[in-house]
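Peer 1: build me a structure from this.
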Amino acid sequence: MTRPSRFAVVLSVSNRAASGMYEDTTGPRIVAALEAHGMSSVTSRVVPDGKPLYDALVAALADHPDLVVTTGGTGLTPTDQTPEMTRRVLDKEIPGIAEALRTYGVSNGVPTAVLSRGLAGVAGPTLVVNLPGSAGGVEDGLAVLLPILDHTLDQIRGGDHSRSDEAGAN
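Peer 2: Residues are numbered from 1 along each chain as shown. Reported below is the predicted structural model:
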């Protein structure tokens, strides 16, 4: 069975990277992983947290991508507003994904993973997932997200669950 053509947007959320103080390193990791996973098109950009992120999310969702992944802005600092901006665009949350992301980090020896306030949910036909802004947090997040990604995207677009009696018919 051929995998459908899929489009993703990666938004790196960092006030310092957006101002040119340093180079974004987590966004390119996500782009590479999504391309290796088979996404046919992945675009990315760096944006400051807060209203600029909200505006970037709205703009990205207007193109109806299959997936939007953010990285950064999920912590506890006063400028971390990624979950709040994300919640504003979601039609429904998928708490199990966000919980799995935190649990995976903790199980890999990162107790501070529980401090991530990242969300996951659906906005129209698009899966939106917040990943932490650290390289390790992104790697852990991708380890959780990639194995469920195709099934999740199929479900959001109206796909049905495979049934055991139909498994051989595909």
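Peer 1: residue 119: how many residues sit nearby?
Peer 2: Around residue 119 there are 23 other residues, counting by other CB atoms under 10 Å. Every residue, glycine included, has its C-beta placed from N, CA and C.
Peer 1: tell me where the chain is predicted with low confidence.
Peer 2: 1-3, 161-170 (pLDDT under 70).
Peer 1: can you show me the strands along it?
Peer 2: For the chain, the strands defined by DSSP state E occupy 7-13, 41-47, 67-71, 92-93, 120-123, 126-131.
Peer 1: mind checking which of these is nearest residue 19?
Peer 2: Among those, strand 41-47 comes nearest to residue 19, with 9.5 Å by CB to CB.
Peer 1: against residue 13, how distant is the residue nearest to residue 50 when sequence neighbours are not counted?
Peer 2: Leaving aside its chain neighbours, residue 50 sits nearest to residue 81 (4.9 Å; criterion: CB to CB, 6 or more residues apart in numbering). Residue 81 sits 9 Å away from residue 13, going by CB to CB, to the nearest Å.
Peer 1: which one's more surrounded, those two?
Peer 2: Shown here are residue 81 and residue 13; by other CB under 10 Å, residue 13 has more neighbours (32 against 20).
Peer 1: hmm, that one is touching residue 69, no?
Peer 2: No: the pair residue 13 / residue 69 is not scored as a contact, 10.7 Å apart, by CB atoms under 8 Å.
Peer 1: about what we covered before: what sits against the residue nearest to residue 50?
Peer 2: Each residue near residue 81 by CB atoms under 8 Å, 6 or more residues apart in numbering is listed here: 49, 50, 53, 73.
Peer 1: quickly note the distance from it to residue 88.
Peer 2: Applying CB to CB to residue 81 and residue 88 gives a distance of 10 Å.
Peer 1: same check on residue 21?
Peer 2: 27 Å.
Peer 1: more neighbours: which of those two?
Peer 2: Taking neighbours as other CB under 10 Å, residue 21 and residue 88 compare with residue 88 leading, 12 against 9.
Peer 1: check contacts around the closest residue to the more buried one other than its chain neighbours.
Peer 2: In space, and not counting its chain neighbours, residue 88 is closest to residue 54: 6.1 Å by CB to CB, 6+ apart. The contact partners of residue 54, taken as CB under 8 Å, 6+ apart, are 85, 88, 89.
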